[in-house]
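# need a 3D model of the sequence below.
(2 chains)
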Amino acid sequence: MAAVQDTAVVVGAGANGRPAAQGRWASIWAKHGAGYMFLLPWLIGFFGLTLGPAVASLYLSFTSFDLIRAPEWVGTANYVRIATADPKFAAAMQVTFLYVMLSVPFKLTFALLVAILLDRGVRGLTVYRAIFYLPSLLGGSVAIAVLWRQLFAGDGLINSLLAQFGIEGPSWISHPDYSIWTLVVLSVWQFGSPMIIFLAGLRQIPTDMYEAASLDGASKFRQFCKITLPLLTPVIFFNAVVQTIDAFKAFTPAFIISGGTGGPINSTLFYTLYLYQEAFGNFRMGYASALAWILVVIIALFTAFSFVTSRYWVHYDD
Amino acid sequence: MTDATMSSVTAPSSAPLGRRGPLGSVLVHAGLVAASIAMLYPLLWMISASVRPEDEIFASTSLWPSSIDFASYLRGWFGLDVSFGRFFWNSLVVSVLTVIGNVVACSLAAYAFARLRFAGRNFWFAIMLGTLMIPYHVTLIPQYVLFLNLGWVNTFLPLVVPKFLASDAFFIFLMVQFFRGIPRELDEAAMMDGCGPWRIYWKIMLPLSLPVLATAAIFSFIWTWDDFFGPLIYLNDMNTYTIQLGLRTFVDSSSTSDWGGLFAMSTLSLVPVFFFFLFFQRLLIEGIATTGMKR
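Okay, the predicted model is just below:
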C-alpha cells in the first residue's frame, strides 16, 4: 500500500525529468529493497517450489502422465476413476480413517492422563518426562519401525511375553485384522510430545482457582471436570488438530512394517503409501496428483470442521 | 537430565490438587515407573539383542544378554554391498547441509518479517503461514519432475537446495516469534550509529537469538536424520543412500537371516538423535511446549 502512495507523490513532483525519476527508484529501493533482499531466498522457494508445483500438480491431476511422454489431458477421468472404480482407493481411505480415529483419541487420552499425574508435583518429574518423551523423538525413524516389525511378528517379542502366560498370540503384523493395531500402538507409544504440550497447558491454570474450589468443598474429581478440563480445551483442541493432520500423513511405519505393500490384504495401506505406489511404483503421475489433491481437500475439510465445531466445546477466556 | 533442566520448566507446580498422602504418592510412582518400563522395554531389548549371540535373540525376553558379543555390529556394518559407514556419512552430509540451509535462509526471512518495513510485508507473512498448512504431497510430483529434469536425482541436491530457499517455513515462524521479543531499542540505537539492516541482522539479531537458532538447528538435524520419504524418492543408487534407506534395504534383503546385524545397525542409527536428546533436552522440550511441534 505504502509503495503505491509514494509512487503517486513522486510522479507528481518529478515532472522535470530523469534525475527525479532516478531518485524515485532510489527512494523506493531504500525503503523496500532491504526487506525484499532478506526475503529473496524464501520468495524464490515459494514461487519455484510451492506455488508453481502446486499449480502444476493441479494441472497434472487432469492428465495422464508417465514421466516419459508429455502429459495428456484426460479431463476429470482420474477423479471419476478414483470415485467410482478404484477399490484400492476405497481401501486406503478406510485404513487411513480407521488409523486416525483409533490412534489420535488413544494417544491424546494417554498423553493427558500422564500429564495430569505428572503435573501434581511428582518428584523426579523431569526424569519421567524425559523417558516418556524419548519415544516421540525416536519414533519417526526406520529403526523403530524395524523394531516394531520384530516385536509383533509371529515369533516376536510380544508373543514370547504372552507365551509366558500361556497365551499363544497370532502373527500380529501379518494378520489383516490386527496389523493396523500394531501401527496404532506405535503411534500411542509416541504420546510424549502432546503430553509436553498438555503439561505446559496445565501450568497456565491459575492455582487460586483450585484453592477457591476446595474451600467451597468441591471434590478433586469435580475440580477436574469443572476447572481443569474446561480450561484445557484450547490445548486439547490444538493437540487434536495437529495429531490428526499428522496421522493423515503417516507413511514410514506402514511402509516398513508391510515391506512397502500396504498388506496383508491392504490392511495397512495408508493413503500416503497408496499415493507413493501410484506415483513412484506405477509411474501414474497424473493419477497420483489427483490423489494428492483429494488428500488436501480431506485435510482442509477436516480442519474447517474442527474449527467450526470447536465453537461449541472449546473454552476461551474472553 | 541435569538439575538445571529439572528446575527450569518445573517450578510452579505445587497445585492444591497435588497434595496426596504417602500411599497415594507411592501408587502414582508405581504407576509411572511401570509405564516407564513398558515404554523403554522395546528399546532396551533391541539394544541387548544387538550384543547377544545370534541364537539367543529370539529365545529370550530378558534384557540381560548371557554374554556380550559385538560381532553383529561388524556383520551389520558390512552386511550390504555398500558399508554402513557410507550411509552414515551420507546422512551426516545431508543433515548438516540442511541445518545450515534452514538456519541461514529462515533467519533471513524471519528478520525481514519481524523487523523490516516494506510494502506487502503482511501479505507475504500471511502467505508464509498459509504454506505451513499445505501437505507436501501437493508439490511432491511437480518437484520430482523438476529435479529429475535438472539431473538432480541420485544427488543430495533435491534434499538440500529447498532448505536454502527456506522451504521449512515452520522455522521462519519460530524465529519471527523470537525476534519480536528482542527489544527494538537495540536496533534503533544501532541504526543511529549508522548500521544498515545487514549489520543489525548479523551483529545484533543473530547473536541474541542463539537459543532459537539452536532449537531450529537441532530439530532440523533430527528430522532430516530420520527422514525416510525424501531419500526414498530421490536416492536410488546405493552409494547415495542415507542411513534410513540403508536400514530399509537391510530389512528387505535379510529379513529373517540376520536380525542381530539389523538391530545393531538400527541401534547405531538412533545414537545421534539420542545424543541430542541427552544434551539438549531442555531446548527440545521448551521448543515443543512453546510452539506445539508435533515431535
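# how about the helices of the stretch 101-250 of chain B, start to end?
For the stretch 101-250 of chain B, applying DSSP state H, counting those that start in this stretch gives helices covering B:121-133, B:137-149, B:157-164, B:169-180, B:184-192, B:197-200, B:206-208, B:210-226, B:229-234, B:243-254.
# could you do the stretch 101-250 of chain A as well?
A:125-138, A:142-151, A:157-164, A:179-189, A:192-203, A:207-215, A:220-223, A:229-248.
# number of nearby residues for B:Lys234?
That one is not Lys; residue B:234 is Tyr. 20 (other Cβ atoms under 10 Å in any protein chain shown). Just so you know, the C-beta spots here come from the backbone N, C-alpha and C atoms, and that holds for glycine as well.
# pretty sure it sits against B:Leu159.
Yes: here B:Tyr234 reaches B:Leu159: they are 6.3 Å apart, a contact under Cβ atoms under 8 Å.
# contacts only, for residue 154.
Answering for chain A, as no chain was given. Residues near A:Gly154 by Cβ atoms under 8 Å, 6 or more residues apart in numbering or on different chains: A:Pro170, A:Ser171, A:Ser174.
# if you could check chain B rather than the one you did, that'd help
B:Tyr234, B:Leu235, B:Asn236, B:Asp237, B:Thr240.
# from these, which would you call buried?
Among the contacts of B:Asn154, those classed as buried by 16 or more other Cβ atoms under 10 Å in any protein chain shown are B:Tyr234, B:Leu235, B:Thr240.
# among the contacts of B:Asn154, which pair sits farthest apart?
Greatest spatial distance among these (Cβ to Cβ): B:Tyr234 and B:Asp237, at 10.3 Å.
# any regions of chain B where pLDDT drops low?
Low-confidence segments of chain B, defined by pLDDT under 70: B:1-21, B:59, B:254-256, B:292-295.
# what do you get for the stretch 1-150 of chain A?
A:1-21.
# apply 80 and report the result again.
Low-confidence segments of the stretch 1-150 of chain A (pLDDT under 80): A:1-23, A:30, A:120-122.
# strands of that one, start to end?
In the stretch 1-150 of chain A, the strands defined using DSSP state E, counting those that start in this stretch lie at A:63-64, A:72-73.
# tell me which of those strands is the most buried.
Per residue and on average, the most neighbours among the strands of the stretch 1-150 of chain A fall to strand A:63-64, with a mean of 18 (mean count of other Cβ atoms under 10 Å in any protein chain shown).
# strands paired with it, and their directions?
strand A:72-73 (antiparallel) (DSSP bridges).
# what's the closest of the helices of the stretch 101-250 of chain B to chain A?
Nearest to chain A among the helices of the stretch 101-250 of chain B is helix B:137-149 (3.6 Å), distances taken as Cβ to the nearest Cβ.
# and the residue of the stretch 1-150 of chain B that's closest to chain A?
Closest point on the stretch 1-150 of chain B to chain A, by Cβ to the nearest Cβ, is B:Phe118, at 2.9 Å.
# which residue is the nearest non-sequential neighbour of that residue?
A:Gly35 (2.9 Å; Cβ to Cβ, 6 or more residues apart in numbering or on different chains).
# my guess is that neighbour contacts B:Leu116. True?
Yes: A:Gly35 lies in contact with B:Leu116 (Cβ under 8 Å); the separation is 4.1 Å.
# OK, contacts around the residue nearest the centre of chain B?
Against the mean C-alpha coordinate of chain B, by Cα atoms, centre = their mean, the closest residue is B:Ile222 at 1.8 Å. Taking Cβ under 8 Å, 6+ apart, we find B:Ile222 in contact with A:Leu137, B:Val273, B:Phe276.
# most neighbours among those residues, which one?
Counting by other Cβ under 10 Å, top hit in the contacts of B:Ile222: A:Leu137 with 24 neighbours.
# the helix or strand hosting A:Ser306 to helix B:121-133, inter-axis angle?
A:Ser306 belongs to helix A:285-313 when assigned by DSSP states H and E. Relative orientation of helix A:285-313 and helix B:121-133, computed by axes from the mean of the first three to the mean of the last three Cα atoms, to 10 degrees: 100 degrees.
# burial check on A:Ala304, number of neighbours?
Using other Cβ under 10 Å, A:Ala304 has 10 other residues around it.
# tell me which of the helices of the stretch 101-250 of chain A lies nearest to A:Gly260.
Across these, closest to A:Gly260 is helix A:142-151 (Cβ to Cβ), at 11.6 Å.
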